[in-house]
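1. quick check, what structure comes out for this input:
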Amino acid sequence: MSGRFMMMLIGSFLIYGCGQRQTAVPTTETKQQKKSQILLVGEGCDGCELIYVGMPSQINSVDSSPAWHEQGKKMLVQGTVYKLDGTTLAEDIIIYYHHTDNKGLYSVSANQDEKSKRHGHIRGWVKTDRNGNFKIYTIKPAPYPGRTLPAHIHLTIKEPNINEYYIDEINFDDDPILTEEMRRNRENRGGSGIVKLSKNSDGLLVCTKNIILGKNIPNYK
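-> Numbering: from 1, shown residues only. Purely as a prediction, here's the structure:
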């Protein structure tokens, strides 16, 4: 084998090898680009990660909480979700909710996942329809024993390509524990969380909670 032939063979091997290494670079960059597309907002949220515990693969725009068949005042929470401009309807937005039972406790169920017990068993998910609408059938939560805080429903939002973040909890306008100071000091994340209750023709309590994505959420673009 001539020296010239050997040099050509080695050169071909080096060119092939470098080509293989170069093809791996775009793959790495693509993964980094995908990761960087997740916008981090809200500046932290204690317990928001529980949105993923038990989350079903298919989420509807209408949900009935486990409390719907339990004791308590039956209630419908309905609303529309808008983008930051306040007018564009937001489709496929996941809303995770949880609240106390009719005794003001985050009671747990017998077979509940250990991780989610801090939120109690009255929890669930809805995903907005093409018109940005959602409905939650549940019961009106009771305030904590001791009645130092008004009754409330916790809400967590998950948008595509954005981390989960909390918005203002739902409070009820006629709640005597909801003081003027509490009203003034609200963050209004996602818009006001204070709702008014009314009764429909079937005697069901109904309230409307509209949500503006990103409103008063730190680092939201």
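2. okay, helices next: where are they in this structure?
-> Secondary structure of the chain (DSSP state H): helices at 3-36, 180-184.
3. and these, which one's lowest on average pLDDT?
-> Lowest mean pLDDT within the helices of the chain: helix 3-36, a mean of 42.
4. partners of the residue nearest the centre of the chain in the sheet?
-> In the chain, the residue lying closest to the centroid (Cα atoms, centre = their mean) is Ile157, at 2.5 Å. Beta-bridge partners for Ile157, by DSSP bridges, are Ile95, Tyr165.
5. ok, Thr195 - contacts?
-> Careful, residue 195 is Val and not Thr. 77, 170-173, 207-209 (Cβ atoms under 8 Å, 6 or more residues apart in numbering). From N, CA and C alone the C-beta is placed, and that goes for glycine too.
6. who does it bridge with?
-> Counting by DSSP bridges, Val195 forms beta bridges with Phe172.
7. roughly how far does it sit from Lys135?
-> Noted for Val195: a distance of 14 Å to Lys135, by Cβ to Cβ, to the nearest Å.
8. need the residues touching each of the two.
-> With Cβ under 8 Å, 6+ apart as the test, Val195 and Lys135 both reach Val77.
9. just the terminal-to-terminal distance for stretch 105-121.
-> Start-to-end span of stretch 105-121 (Cα to Cα, to the nearest Å) is 10 Å.
10. how about that stretch: buried residues?
-> 106-108, 112, 116, 119-121 (16 or more other Cβ atoms under 10 Å).
11. where does the residue nearest to the centre of the chain land on pLDDT?
-> In this model, Ile157 carries a pLDDT of 98.
12. now for it: which residues touch it?
-> Ile157 neighbours (Cβ under 8 Å, 6+ apart): 93-96, 164-167, 190, 211, 213.
13. nearest to Asn219, of these?
-> Looking at the contacts of Ile157 and their distance to Asn219, the nearest is Tyr165, at 9.5 Å (Cβ to Cβ).
14. surely the closest one touches Gly44?
-> No: counting by Cβ atoms under 8 Å, Gly44 is not a contact partner of Tyr165; they are 9.1 Å apart.
15. look at those two and report which has more neighbours.
-> For Tyr165 versus Gly44, neighbours defined as other Cβ atoms under 10 Å are more numerous around Tyr165 (24 against 10).
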